[in-house]
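*Asks:* give the three-dimensional model of this entry:
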Amino acid sequence: MKDKAVYAASFKFTHVSLPSDNDAYAHDFHYPTFSIVGRFCKNDGATMYRSADYPHWNDKSDDYYELAPYNTHLGNSFAIYGAFSYPLYRGNRWELAVSANLGFAYSATKYDRQTSVDNDMIGAHLLFYAGGTVSATYRFAPSWGIKGAIDYWHISNGSTRQPNRSANILGPTLGVVYYPYYEQLFRQTGTFTPSAFHPYFYLNFKGGVGVQTRTEDWDRTQYKLTKDHPDFRREDFTLFSVASVQTDIMYRYARIGAFGAGVDVQYCSCYSHIRDIDKEFGIDTSHNPWAVAFDLKHTFFYGNVSLALGAGVYLFRQMGDFSRRNDPFYFNRIGVHYTIPKLHHLTAGIEVKAHLTKADFTELVISCPLRLNR
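*Replies:* Residues are numbered from 1 along each chain as shown. Below is the predicted model of the structure:
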């Protein structure tokens, strides 16, 4: 890829709970802000190309590749997402904060064998958005400030389409902030004191059903087939089902957080398809639909909404040659859940499992927490 500067513009609608609202979660998070953000990113200046010495082709004849007679561009994107900003420090002039952002995005271009053949990053128009921000705001007037930040954002389709290397953007931002509520938060006039929270342990049982496409299909059709093969550079790939069961023991140490660990068992229906691909190219290796892993977990709570984070290592996984050579032995999870009080605190949500920034699958998850002590 030829790196060129990208530019972004955004608008934001922000809500913040004040001490007078008597919100225990807001108090424990030191009165964070919630925002709905729309962001346009002009990144069509980034050019993608694959030449004859591309690493996947440098040992093959030109029967296996066909150079595009045009430039492929990344394409502009637009995202709408929710942002949760946690204040690290509030002073008379300065405010320091970090934020987590989740939502959806749209990319103007995606992989297309006719017009965008070198685009091996974005395989769908509709995408997931995830990101984070570290910011510093200088207050030059009672209700006004200048905000500088470092923004990271990631867009991908959660492995529901191929290709899905994803686009990852890191850069500075600058803006003007209007916040007439700042003085109340800084002075903490009429401070609200919530009831005491008593920590407890709980078991959390999760069951998930999801979908994925496989990078093995992309690798096969892009780099391993000759130009006369009917599957050469195809665009559509089979969507496979995935199921998972997670069992965790968690310690809710505060109203706003819990941490723990557990076992993660996954079943991937694609294993026989991957076995057939390996056989097609004379590769003899192990294949098994089951994977077993050990996870560390942390969950943040705000009312009935929770953000679940996880990092795990595989104890057992045999998913063919490509996975053995390319996938790390560890993975990460991120998910958003909503607690349904009328269903005995059952939660429903969506989670994405990934190897670093490369998604493995996306799933719908139902959780059942069982409290162990009162």
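*Asks:* rest of the way, CA atoms for contacts and neighbours
*Replies:* OK.
*Asks:* next, the buried residues of stretch 88-98.
*Replies:* 90, 95-98 (16 or more other CA atoms under 10 Å).
*Asks:* residue ranges with poor pLDDT in this protein?
*Replies:* Where the chain drops to pLDDT under 70, the residues are 1-5, 189-190, 374.
*Asks:* domain ranges for the protein?
*Replies:* Structural domains assigned to the chain are 7-187, 200-371, following automatic domain parsing.
*Asks:* relative to Thr193, which of those domains is closest?
*Replies:* Comparing the domains of the chain by their distance to Thr193 (CA to CA), the top pick is domain 7-187, with 7.7 Å.
*Asks:* ok, the buried residues of stretch 88-98 vs Val313, which is closest?
*Replies:* Ranked by distance to Val313 (CA to CA), the buried residues of stretch 88-98 are led by Val98 at 27.6 Å.
*Asks:* do I have it right that that closest one meets Thr133?
*Replies:* Yes - in this structure Val98 lies within contact range of Thr133 using CA atoms under 8 Å: 5.5 Å.
*Asks:* for Asp59, phi and psi?
*Replies:* Backbone torsions of Asp59, given as degrees, to the nearest 10, read phi -110, psi 20.
*Asks:* contact partners for Leu102?
*Replies:* The contact partners of Leu102, taken as CA atoms under 8 Å, 6 or more residues apart in numbering, are 81-83, 128-131.
*Asks:* what distance do you get for it to Asn71?
*Replies:* Here Leu102 is placed at a distance of 31 Å from Asn71 (CA to CA, to the nearest Å).
*Asks:* for Arg50, same thing?
*Replies:* 10 Å.
*Asks:* max-length helix in this structure?
*Replies:* Of all the segments of type helix in the chain, defined by DSSP state H, the longest one is helix 271-280.
*Asks:* can you give me the buried ones in it?
*Replies:* For helix 271-280, using 16+ other CA under 10 Å, the buried residues are 271, 273-275, 277-278.
*Asks:* need the residues that contact stretch 222-241.
*Replies:* The set of residues that contact stretch 222-241 without belonging to it, under CA under 8 Å, 6+ apart, is 56-57, 63-66, 111-113, 160-162, 209-213, 217, 221, 268-270.
*Asks:* what about 6 Å?
*Replies:* By CA atoms under 6 Å, 6 or more residues apart in numbering, the list of residues contacting stretch 222-241 from outside reads 63-64, 210-213, 221, 269-270.
*Asks:* how long is that stretch end to end?
*Replies:* The first-to-last residue distance of stretch 222-241 comes to 23 Å (CA to CA).
*Asks:* list the buried residues in that stretch.
*Replies:* 222-227, 232-233, 235, 237, 239-241.
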